[in-house]
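*Asks:* sequence first, then the predicted structure:
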Amino acid sequence: KTRLLYNGIDVSYFFSKKVEKVISSNKVSYDIMITRGYSTEIAGIRIAKKNGIKWIMNWNDPYPMEKFPPPYGFGYNFKLPFYKEMVLKRIQRYANFYTFPSHRLRNYMLSYLSDATFDETAVIPHMAHSMLLPKTKKEKNERIKIIHAGCSSTKPR
């Protein structure tokens, strides 16, 4: 259905099928959709294309991962495999607007998003959660507490 096949597309395809089911079962029309993060891009493409819903693509990191700056990726000039280049082109074809958490990320990604313009973007910083937390007195010899959100087979000690 997407004419794309790559490792991980099954998650994106699953999302798109669920969203399509919600759209078809409701008698409500949707004016806009927002996608955030990896594994939502195929759903965004499919829903925008099929239903004509305006699409805001939110980027929190460079996309795809190969475009991360070194040492995490190969940089913005890296030549992507054909299928990833196709996904990037389709995102730019069907997304109406792009949001970024920082000017730095927006400028970095606009250096390789050839079909996106500055006027189609906005910077919306992440909320500063620490400003909402109550001030607490810290004990010098207090034990370190760790919250671990990893694989279920690994347990913090």
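*Replies:* It's in. Residues are numbered from 1 along each chain as shown.

*Asks:* and the helices in the chain?
*Replies:* Assigned by DSSP state H, the helices in the chain fall at 9-25, 41-51, 82-94, 103-110.

*Asks:* will you turn those into a markdown table that also has distance to Ile124, mean pLDDT and mean neighbour count?
*Replies:* In short, each C-beta sits where N, CA and C put it, glycine included. What follows is the helices of the chain, written out as a markdown table (distance: least, C-beta to C-beta, whole Å; pLDDT from 0 to 100; neighbours: other C-beta atoms under 10 Å):
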| stretch | distance to Ile124 | mean pLDDT | mean neighbour count |
| --- | --- | --- | --- |
| helix 9-25 | 22 | 81 | 14 |
| helix 41-51 | 17 | 89 | 20 |
| helix 82-94 | 18 | 93 | 16 |
| helix 103-110 | 10 | 97 | 16 |
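
*Asks:* any idea which of those gets closest to Phe68?
*Replies:* helix 103-110 (9.6 Å; C-beta to C-beta).

*Asks:* so which elements touch the closest one?
*Replies:* If you count contacts as 3 or more C-beta pairs under 8 Å, 6 or more residues apart in numbering; DSSP states H and E, helix 103-110 packs onto strand 97-100, strand 121-123.

*Asks:* direction included, what does the first one pair against?
*Replies:* In the sheet, strand 97-100 lines up against strand 54-58 (parallel), strand 121-123 (parallel) (DSSP bridges).

*Asks:* quick revisit: the helices of the chain: which one's closest to Pro62?
*Replies:* By C-beta to C-beta (comparing all of the helices of the chain), the closest turns out to be helix 103-110, at 6.1 Å.

*Asks:* quick one: residues in contact with that closest one.
*Replies:* 59-63, 67, 69, 76, 98, 100, 116, 118, 121, 123 (C-beta atoms under 8 Å, 6 or more residues apart in numbering).

*Asks:* repeat the analysis, applying 10 Å as the threshold.
*Replies:* With contact meaning C-beta atoms under 10 Å, 6 or more residues apart in numbering, helix 103-110 is reached by 59-63, 67-69, 75-76, 98-100, 102, 113, 116-118, 120-123, 125.
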